[in-house]
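Visitor: Got a sequence here, can you build the structure:
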Amino acid sequence: MTALNEGWFTEVFQDKGTAFSLQVKRKLHEEQSQFQKLEIYETETFGNLMVLDGCVMLTTRDNFLYHEMMTHPALFTHRDPKKVVIIGGGDCGTLREVLKHPGVEEAWQVEIDERVTRLAEKYFPELCDANDDPRANFFFGDGIQWMRDVEPNSVDVIIIDSTDPVGPAEGLFALDFYRDCMLALRDGGIVVQQSESPLLHTETIIRDIHEDMKKAGFDHVQTLPFPQPVYPTGWWSCTMGGKDKPVKYFREEDAAQRPFVTRYYNPGIHHGALAMPQFMVDALDDQVLPGEA
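Guide: Sure thing, here's the model as predicted:
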């Protein structure tokens, strides 16, 4: 639920008894696309704000936290990523971070709602710097079907940069989808899924992701928490699954010598994110999957 009152945009998390607000100067845009309601606001201190169906998606000020953590841990964990597929991510920030890696030869952004990308180009142009990169490819349509149809053993990293697991995004958090990802990945492939708030969702969404990824064949699954001020609780996460390689180890020297600028990610942050809080360890390590008992 959202409210706009006396110059403040507020997203209310009614079932959790919390809310998050940003002071706004004005509304820049509003429309109803085929899939969702899109709003853009200019805020007092966080730059522009994108809202989808009443939920905060990103702001100018803090999106780098999310985009860097959705991208660089996975790409520096893979031995040599050449082809990367982003499911969702219509704001193009994840695509921009992927294409900072000079070894990437081909990147696909598969987004169901083209209007998200077009509005990002207008109101968040800094996120779209790489849209004209010859390695960038765009497909506007159903990411679930796209992954089902992609050539087997043809992708190195899959980044599921989705909204919350409701509506069109619900199928991106499903066992069948992770199985399709497994088939699409080459040996050593990695899938990374945005996995909501550790404080609110460890025993529900995050646990389900771990279980389903393992059932799909990803033997090595790891959740990496990171700060994200504009999302519920201010604390977010991504979860990586490795096809046949532990995701606790990464190319630390390459990360330290990365030939591009980051604002949050570095090897120390990567190491720190791999150290889950004890309540997450307790909640996730006591799972017994079929065949493991």
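Visitor: For the rest of this, base every contact and every neighbour count on C-alpha atoms.
Guide: Will do.
Visitor: Contact partners for residue 27?
Guide: Residues in contact with residue 27 (C-alpha atoms under 8 Å, 6 or more residues apart in numbering) are 39, 40, 41, 42.
Visitor: Can you name the helix or strand that the closest residue to residue 274 other than its chain neighbours falls in?
Guide: Nearest non-adjacent residue to residue 274, counting by C-alpha to C-alpha, 6 or more residues apart in numbering: residue 224, 5.5 Å away. Assigned by DSSP states H and E, residue 224 falls within strand 220-227.
Visitor: Listing partners with orientation, what would you give for that strand?
Guide: Taking DSSP bridges as the criterion, strand 220-227 sits next to strand 235-242 (antiparallel) in its sheet.
Visitor: quick revisit: next, work out how far apart the residue nearest to residue 274 and residue 177 are.
Guide: 21 Å (C-alpha to C-alpha, to the nearest Å).
Visitor: ok, residue 180 touching residue 145?
Guide: No. Using C-alpha atoms under 8 Å as the test, residue 180 is too far from residue 145 to be in contact (9.5 Å).
Visitor: Neighbour count: these two, which is higher?
Guide: Legend: neighbour count by other C-alpha atoms under 10 Å for residue 180 and residue 145, higher for residue 180 (19 against 11).
Visitor: did I read that right, that one in a strand?
Guide: No. Read with DSSP: H, G, I helix; E, B strand; the rest coil, residue 180 is helix and lies in no strand.
Visitor: Model confidence at the closest residue to it other than its chain neighbours, what's the number?
Guide: In space, not counting the residues next to it along the chain, residue 180 is nearest to residue 148; the distance is 5.7 Å by C-alpha to C-alpha, 6+ apart. Residue-level confidence at residue 148 comes out at 94, pLDDT.
Visitor: Residue 148: how many residues sit nearby?
Guide: Around residue 148 there are 16 other residues, counting by other C-alpha under 10 Å.
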